[in-house]
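**Q** Quick one, structure for this:
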Amino acid sequence: MSNPRILGTDLEPVAEDGSGKIPATRKTLHQNILGKLRPLPFQYHWAVWYEKHSESTNYDEKLYLLHEDVADIGTFYRVYNNYPWDKVKLRDTVHIFRKGTKPVWEDPENLKGGCWTFRVPKAKSQAFFHEIAILCMANEFQAALEAEHDHVIGVSTSVRFNSHLISIWNKSGSNTKAIKALEDTVLQRLSPDLRPSSSRSYFYKRHDEHEGYKAAVEAKVNPTNSDESK
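**A** The predicted structure is shown next:
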């Protein structure tokens, strides 16, 4: 995985090669969004989680809270720029979620939700996740869903062998208008060099369509029965 971009004192992104040159389109995106955020805190507070890959259904054993309150852009970059992204292991996941919501299907905010998932080549994965995270926390995604009465819950990046699975979670997995609005916003707001080259590289899936969803929810509702079945 490539290292995250280093930010200068004015929060402008700097190229990893030290040249100081970045694509004009991406610079414009950052200037527009960061210009809005610099004077004010985020509308919502966010938390950063780390999920270790495991066959266990007990999230207390594999889900770790890394930072419980990301309230503004400065805090985000203090966390983001100091995180050892190159040390994230295969099939492990980093989540940025609204504070108070766990990045699991069985959380009350996620029970009826779903997510867009993008398979991103490893060379572009860090830049892709960086922009997705900014668009999420800057309320760009939420603004697109306001008219459809839906909510963006968080974003995730999961390491695979030669790619990353980067997901955007929303609250209503049956709200087709909101789902389409979220897709359109991603495709329109991402820097051109990061946009998916094919619609086959991303998909939407409701959480309840996953094989382990029912068992995870039942274990949450009846934890005693789940323990006895082990």
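**Q** So what's the residue count around Ser54?
**A** 13 (other CB atoms under 10 Å). C-beta here means a position set from N, CA and C on the backbone, and glycine is covered the same way.
**Q** doesn't Asp60 make contact with it?
**A** No: the pair Ser54 / Asp60 is not scored as a contact, 11.1 Å apart, by CB atoms under 8 Å.
**Q** This structure: helices as residue ranges?
**A** All helices of the chain, identified by DSSP state H, fall at 24-37, 73-81, 122-137, 140-145, 176-189, 213-221, 223-228.
**Q** need those in CSV with mean pLDDT, distance to Asn110 and mean neighbour count, can you?
**A** Listed next are the helices of the chain as CSV, based on pLDDT from 0 to 100; distance: least, CB to CB, whole Å; neighbours: other CB atoms under 10 Å:
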stretch, mean pLDDT, distance to Asn110, mean neighbour count
helix 24-37, 61, 26, 15
helix 73-81, 93, 22, 17
helix 122-137, 97, 15, 21
helix 140-145, 95, 15, 20
helix 176-189, 97, 15, 17
helix 213-221, 85, 10, 15
helix 223-228, 52, 18, 10
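**Q** Contact partners for Ala144?
**A** Applying CB atoms under 8 Å, 6 or more residues apart in numbering to Ala144 gives the contacts 181-182, 184-185.
**Q** repeat for Thr176
**A** Neighbouring residues of Thr176 by CB under 8 Å, 6+ apart: there are none.
**Q** so how far is Asp86 from it?
**A** The gap separating Thr176 from Asp86 is 38 Å, by CB to CB, to the nearest Å.
**Q** which ones are touching Val152?
**A** 136, 141-142, 145, 168-171, 182.
**Q** Find the residue at the geometric middle of this structure.
**A** Val155 (1.5 Å; CA atoms, centre = their mean).
**Q** I'd assumed Phe129 was in contact with it.
**A** Yes: Val155 is within contact range of Phe129, at 7.3 Å (criterion: CB under 8 Å).
**Q** Give the residues shared as contacts by those two.
**A** With CB under 8 Å, 6+ apart as the test, Val155 and Phe129 both reach Ile166.
**Q** With adjacent residues omitted, what lies nearest to Leu190?
**A** Glu131 (5.8 Å; CB to CB, 6 or more residues apart in numbering).
**Q** From Ile73, how far out is that neighbour?
**A** 14 Å.
**Q** just to revisit the earlier point, from the contacts of Ala144, which two are the most distant?
**A** The span of these, defined through CB to CB, is set by Leu182 and Asp184 at 7.3 Å.
**Q** Would you format the helices of the chain as a markdown table with distance to His207 included?
**A** Formatted as a markdown table, the helices of the chain follow (distance: least, CB to CB, whole Å):
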| stretch | distance to His207 |
| --- | --- |
| helix 24-37 | 28 |
| helix 73-81 | 26 |
| helix 122-137 | 18 |
| helix 140-145 | 17 |
| helix 176-189 | 13 |
| helix 213-221 | 6 |
| helix 223-228 | 18 |
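**Q** Looking at the ones you listed, which is nearest to Ala47?
**A** Using CB to CB, the helices of the chain put helix 73-81 closest to Ala47, at 10.2 Å.
**Q** Going by contacts, tell me the helices and strands next to that closest one.
**A** strand 6-7, strand 63-70, helix 122-137 (3 or more CB pairs under 8 Å, 6 or more residues apart in numbering; DSSP states H and E).
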